[in-house]
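Visitor: Sequence first, predicted model second:
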Amino acid sequence: VHEREATYIDSLDLQIPPPYIDIKGRKMQSSSVLSPTPPRILRPSPSESKARNLLLSNPPAAGCKYAYGTAGFRYEASLLPSVFVRMGMLAAIRSASLHGEGVGIMVTASHNPERDNGMKLADSDGGMLHPDWEVHAVQLANAPADVDSTINHVAKLCSIAVPGWSNPFEQGNMKGGMVVHIGKDTRSSSPLLTNLAIEGALAMGACVVDHGLLTTPMLHHIVMHSNPNLLPNLIPQRCNERGYLEIMCHSYAALIRTAFIAGGKNEAKRNLLVDSACGVGYPKIQLIRECLQKLQLDDNCNVVNIHSINGPDDGPLNDSCGAEYVQKNRLSPVIYDKKSPVKSSASQQPYHYMASLDGDADRIVFHYQKHDEKNGLTFRLLDGDKIAVLISSFIQEEINWLQKVFGVSSQDLVKCGVVQTAYANGSSTSYLKNVVKTRVAIAKTGVKFVHAAAHDNFDVGVYFEANGHGTILFGSEFLNLMSRAESYFLSHKASQNKNDIRANIAWRRLRALPSLVNQAVGDALSDLLLVDAILHLRGWDLPSWDGIYEDMPSRQLKVKVQDRSVITTNDNETKALSPPSLQPALDAAMATMASSYSKTTDNPPPRCFVRPSGTENVVRIYAEAHTQCDADALASESVALVYKLCGGVGKMPVISGSKL
């Protein structure tokens, strides 16, 4: 499939497609807006004097102690120049420690407002930076402003990375060079900060590949694919933006085509409206749309018709739009016009369903307006929990068909499971365990923790945080199963057995997934296409998907505190360990509420938990119960306890509109 369909991608450079009309009627030439930007390759130029000048010109912000949170460094943009110079240098050293394997820097502050910026460092496998190197990153970011001290720190780090590498600006006995890939989002501060990181890496002697405007998952994909020794054989190597689009769109089309093989008659066209948070996802959705339109013309493949709104020039980044806003507030996004922002309900548009990305397109949630005779139109959110249930149930169903021809249980074929965090809605956990019949593991909040848990615990590990960030990881046992299935079906080509025919379709569907789904990090764009494909294959719309279970009502709040470090939790953040009086008080609040419920109810018990933020002095609170009023009451009680026992500052938060 890839060999046949790759000819289309290769031919894009030679074609000048007709002008593309976007949702607002604006005419745009594909050659400018819709063509992937080729990367700039910058040759190494090691120079101690250049490094010294960079460090001298970009000292650390006075009084600022930099921390590497769950998503890297993230601060107000004016505080970051020194960090970017130093992290450019550190990325080069990290590449050297891996014998020249490429690493990455993504310049973004994700769902934060425009005034902020940050960076995420990617290791050579496309994943998050190794914890040991997070420590090195924090130490280097906070090294003294004195240039000699910083250079000495860099030299020490070089000797740790490569024994015998004594002079940071001479490669000496290093085996292999240094390669740093870098991408940026649409923030106004990103070009300057990107250049500082580039200059820092070049001064260390690294080759820098500047990919320009990228989503965060694109950068992680590129880094992973630039190191083919770390790439599974089932996934073709494509280490640029064009290759990313090729793999994703054609694997999606291959999955959609299995509907025809299975005798499906679902030929209804699907229109999808995508809120891009006024961020980098907007131009990338345009590229995907163009690619899918070409596939539709080539072989009448029933792909989704995607319309993107809220582009970088339309409104303020992440302001009243995007996945973070929609998921946290449970409100439809503002739809911005070129001239003025207009608040509009998505239900007024002729689209079948709507999705929202965050500012760097690594999160996605789906939503729609449901008509209720009693309450009129009500907003319905399908968040990361619902996405995880949809995907895991689909995979489990397809594997169940394979097990019929192999004569073993699906549990024996591969170990499938879902990783959730404490934020996962209790109803989703119950559905996964009792209906899907799959394993569930709870991990600490944060990409690196859920990703590691999925990798370590399962052969097919699905992870989605409630905020919509997630992906699926496929281990070696799954790849072996695909190889085993291929051998079986090659030897049973003439079989008319119904189980063999359906199992063959299951194999075709499963083998498309590792190429469609980003194996490095959560990716809103690939998740978008996967969800659409599953809904199409099942003949579902959003209400059908939404109706598989009802979320427990929940409430999220945060409390400002003087020092977030006074609160510690257990490994998966479901229990507070300090202050010692906090968890018993929370337990008492939960027990009091649970005692008011009928003992015969099938709903999970009410629960709440608190956890310190990884980036700011606030404590995050989550509560869920059988009614919204009870969830609000439990959240309010938790807020009061945290404020009293953990040094709350400022005004104590209240729930807007609550009658409590």
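Guide: Arrived safely. Quick caveat, the model's predicted, so the values are computed rather than measured.

Visitor: Flag every buried residue along the longest strand anywhere in the chain.
Guide: The strand that spans the most residues within the chain, counting by DSSP state E, is strand 364-372. Residues of strand 364-372 classed as buried under the neighbour-count rule (16 or more other C-beta atoms under 10 Å) are 364-370. For glycine as for every other residue, the C-beta is placed from the backbone atoms N, C-alpha and C.

Visitor: repeat for stretch 41-50
Guide: Buried residues in stretch 41-50, defined by neighbour count with 16+ other C-beta under 10 Å: 42, 44, 46-47, 50.

Visitor: picking that back up, between the buried residues of strand 364-372, which is closest to residue 562?
Guide: residue 365 (33.1 Å; C-beta to C-beta).

Visitor: how far away is the closest one from residue 180?
Guide: As for residue 365, its distance to residue 180 is 32 Å (criterion: C-beta to C-beta, to the nearest Å).

Visitor: Ramachandran angles for residue 606?
Guide: phi -60, psi 150 (degrees, to the nearest 10).

Visitor: Which residue, other than its chain neighbours, is closest to it?
Guide: Once flanking residues are discounted, residue 606 sits nearest to residue 625: 3.9 Å by C-beta to C-beta, 6 or more residues apart in numbering.

Visitor: Near that neighbour, how many other residues are there?
Guide: 28 (other C-beta atoms under 10 Å).

Visitor: Distance of it relative to residue 556?
Guide: According to C-beta to C-beta, residue 625 and residue 556 sit 13 Å apart.

Visitor: Return the residues in contact with residue 144.
Guide: Contact analysis of residue 144 by C-beta atoms under 8 Å, 6 or more residues apart in numbering lists residue 150.

Visitor: Which pLDDT does the model give it?
Guide: For residue 144, the pLDDT comes out at 94.

Visitor: For it, what is the enclosing helix or strand?
Guide: Using DSSP states H and E, residue 144 maps to neither a helix nor a strand.

Visitor: got the CA coordinates for stretch 488-498 in CSV?
Guide: Output of stretch 488-498 as CSV, limited to C-alpha atoms (Å, rounded to 0.1, in the frame of the first residue of the first chain):
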residue,chain,number,x,y,z
TYR,A,488,-1.4,-17.4,7.9
PHE,A,489,-3.5,-15.4,5.4
LEU,A,490,-0.9,-16.0,2.6
SER,A,491,-1.3,-19.7,3.2
HIS,A,492,-5.1,-19.5,3.3
LYS,A,493,-5.8,-17.2,0.3
ALA,A,494,-8.6,-19.4,-1.0
SER,A,495,-10.4,-19.8,2.3
GLN,A,496,-14.1,-19.0,2.2
ASN,A,497,-14.5,-19.6,5.9
LYS,A,498,-16.4,-16.6,7.4
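
Visitor: What are the buried residues along it?
Guide: 488-489.

Visitor: same thing with stretch 641-650?
Guide: By neighbour count on 16+ other C-beta under 10 Å, the buried set for stretch 641-650 is 641-643, 645-648.

Visitor: Mind putting the residues you listed into JSON lines with distance to residue 535 and pLDDT?
Guide: Shown next, in JSON lines, are the buried residues of stretch 641-650 (distance: C-beta to C-beta, whole Å; pLDDT from 0 to 100):
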{"residue": "641", "distance to residue 535": "42", "pLDDT": "96"}
{"residue": "642", "distance to residue 535": "40", "pLDDT": "96"}
{"residue": "643", "distance to residue 535": "43", "pLDDT": "95"}
{"residue": "645", "distance to residue 535": "46", "pLDDT": "96"}
{"residue": "646", "distance to residue 535": "43", "pLDDT": "95"}
{"residue": "647", "distance to residue 535": "47", "pLDDT": "94"}
{"residue": "648", "distance to residue 535": "44", "pLDDT": "95"}
